[in-house]
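[1] Predicted coordinates and the sequence they were generated for:
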Amino acid sequence: MRLALIFIAIISLAMVPIIGNQLVKEKLETNLKLLTDNGIAVQKNKEKSTYLNTSRHYELVVKDTKRFLTYLSKYSAKQLPRYSSSLLSGTVIGIDIEYSNIPFTEDISVDIYPLKLSDEIMDEMKNSDKVFFNYIKDFLEKKGILYHINYNIVSEDFNGYIKDINESKTLQNSSQLSVNLIDCNFIGNGVIIAPKSLTMKTQSLDVKISKDLEMMHLKLKEFESLSTFESKTTYKTSAKVFNTIVNLVDKTGKKLFLDIDELNLNFASDTQDIKARFDTSSAFKQLLLKSDNEQLKTNNFNYDVVFYDIEKDTLEELNKLLSQSQVKNNFGLILDIKNSFLKLASKGLKIDINNFSLENIEYKNEAFDGFIIKSKFHIKEDNNLVNKISYSPMLIMQSIAFDFNLKLSEKLFDNIASTTPLAIFAKPYAKKELNFLIFNSSFHKGEFKINGKSLLN
């Protein structure tokens, strides 16, 4: 009996890699069927298996773009624009998968890489620049763009990188193209096509196109993004770029140079409750904009705006109509969008500008202290708003209330007034505080005041 038990145990252990391979294979086949049911065709499917390890190679081609875009829309609140179809049709994606046949002992290794761009793009390149077409064709076939992912099928944690790119090419029209992507890594959790969280860090991205005097040069240094998703409409995302440079030169030699230091962008969407809320903010430490004749330099920009108490169902209806406008556009759709927006306004909404400011400005060799704006703008709920506006658009003012607070340097105000004469009429209403002018304006119950003074008096 003891020998029989030992024999059974040995056979059971020996079967583990076989069972493990079958478990992973079934999961892969389930996901593959999901794709093939939604517009993707498998044009190659190869397997190489040993006792302990298995590798698979797939080549997937986008056949039914309409069905595939419908599938992707499940993961996004927006409908993809009409040109997406032509950008995807005929695209071929290669996938290499390696895994241990002993279940759950190692992450699955996945390489994903485009082998061919869409038929339309490839045909256009071939007709316009055959040398560049052959270069791109060879570049893709050599896995020039590659995502490597280590994926744990139990926890759904993953990490990986995008293969470094260091390419330069002379095009048929003598244009010079160079692309450099260095040290791009990511980690996340969830289904790869729609992760619950994703963090990406990139050391640098450098893209340059030039011909004769003309040039377009983009450089991003130390880029980092972080996103978390509870659903396709409830999520948080942020991005940081240590330095952004855009350098443009037109065919006459005129130059435009933009340099932004420590750019931060944040966006959060919350639609879990009846009312929706959206938080947006951005900031940068310094911006320098130069042309041949002028230079603008600004420091410490901040923008923090909240949209909230927005009726969710009507908002989703409006978002669907706006998404459709990217795919089709006609008078009936424009009218539907207008009516949906008025319906949304009739449910009430609020917009708070918590901070919109700039510390200082240097322009034409002059220095100015900056400004700060804080504001609250509310539209009260009014179920008769649509009917009122159809009778007289000015009746919307009965539902609007706002407070708008502006503080700016007097020197900056005078400079603005020199180019906008009407602004000078606002100066008598201002409060003066050192070198600054303060305008605290409000509109409540149909009365507009600046610093407590009614404009009707």
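    Received the coordinates, thanks. What you see is a predicted model, and the numbers here were worked out from it, not measured in a lab.
[2] pLDDT weak spots in the stretch 1-150 of the chain?
    Low-confidence segments of the stretch 1-150 of the chain (pLDDT under 70): 1-27, 51, 73-87, 102-105.
[3] hey, where'd the strands end up in it?
    Taking DSSP state E, counting those that start in this stretch as the criterion, the stretch 1-150 of the chain carries its strands at 40-49, 53-62, 92-100, 108-116, 147-151.
[4] between those strands, which gets nearest to residue 416?
    Nearest to residue 416 among those is strand 147-151 (48.9 Å), distances taken as Cβ to Cβ. The way it works is simple: take the backbone N, C-alpha and C, and place the C-beta from them, glycine included.
[5] Please enumerate the helices of the stretch 301-450 of the chain.
    For the stretch 301-450 of the chain, helices defined by DSSP state H, counting those that start in this stretch occupy the ranges 312-327, 331-346, 385-391, 410-419.
[6] Next, format the ones you listed as CSV and append mean pLDDT, mean neighbour count and distance to residue 135.
    CSV is the format used below for those (pLDDT from 0 to 100; neighbours: other Cβ atoms under 10 Å; distance: least, Cβ to Cβ, whole Å):
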stretch, mean pLDDT, mean neighbour count, distance to residue 135
helix 312-327, 76, 16, 32
helix 331-346, 82, 15, 42
helix 385-391, 79, 14, 57
helix 410-419, 84, 15, 50
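[7] Could you export those helices as JSON lines, including distance to residue 134?
    JSON lines is the format used below for those (distance: least, Cβ to Cβ, whole Å):
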{"stretch": "helix 312-327", "distance to residue 134": "34"}
{"stretch": "helix 331-346", "distance to residue 134": "43"}
{"stretch": "helix 385-391", "distance to residue 134": "59"}
{"stretch": "helix 410-419", "distance to residue 134": "54"}
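[8] just to revisit the earlier point, can I get the strands of the stretch 1-150 of the chain in JSON lines including distance to residue 304 and mean neighbour count?
    Shown next, in JSON lines, are the strands of the stretch 1-150 of the chain (distance: least, Cβ to Cβ, whole Å; neighbours: other Cβ atoms under 10 Å):
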{"stretch": "strand 40-49", "distance to residue 304": "42", "mean neighbour count": "13"}
{"stretch": "strand 53-62", "distance to residue 304": "41", "mean neighbour count": "18"}
{"stretch": "strand 92-100", "distance to residue 304": "40", "mean neighbour count": "18"}
{"stretch": "strand 108-116", "distance to residue 304": "37", "mean neighbour count": "18"}
{"stretch": "strand 147-151", "distance to residue 304": "34", "mean neighbour count": "17"}
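[9] Ok, which of those strands comes nearest residue 237?
    Of the strands of the stretch 1-150 of the chain, nearest to residue 237 by Cβ to Cβ is strand 147-151, at 19.5 Å.
[10] Not counting stretch 336-354 itself, show me its contacts.
    304-311, 314-315, 317-318, 321-322, 325, 373-386, 389, 396, 399 (Cβ atoms under 8 Å, 6 or more residues apart in numbering).
[11] 7 Å instead, please
    Residues from elsewhere that reach stretch 336-354 (Cβ atoms under 7 Å, 6 or more residues apart in numbering): 304-311, 314-315, 317-318, 321-322, 325, 373-383, 385-386, 389.
[12] Check the separation of the first and last residues in that stretch.
    32 Å (Cα to Cα, to the nearest Å).
[13] and what of stretch 165-183?
    First-to-last residue span, stretch 165-183, Cα to Cα: 9 Å.
[14] Give me the domain ranges for this structure.
    17-154, 271-457 (automatic domain parsing).
[15] mind putting those in a markdown table, distance to residue 238 included?
    Shown next, in a markdown table, are the domains of the chain (distance: least, Cβ to Cβ, whole Å):
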| stretch | distance to residue 238 |
| --- | --- |
| domain 17-154 | 19 |
| domain 271-457 | 9 |
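[16] Residue 261: which of those domains is closest?
    Among these, domain 271-457 sits nearest to residue 261 (Cβ to Cβ), with 4.5 Å.
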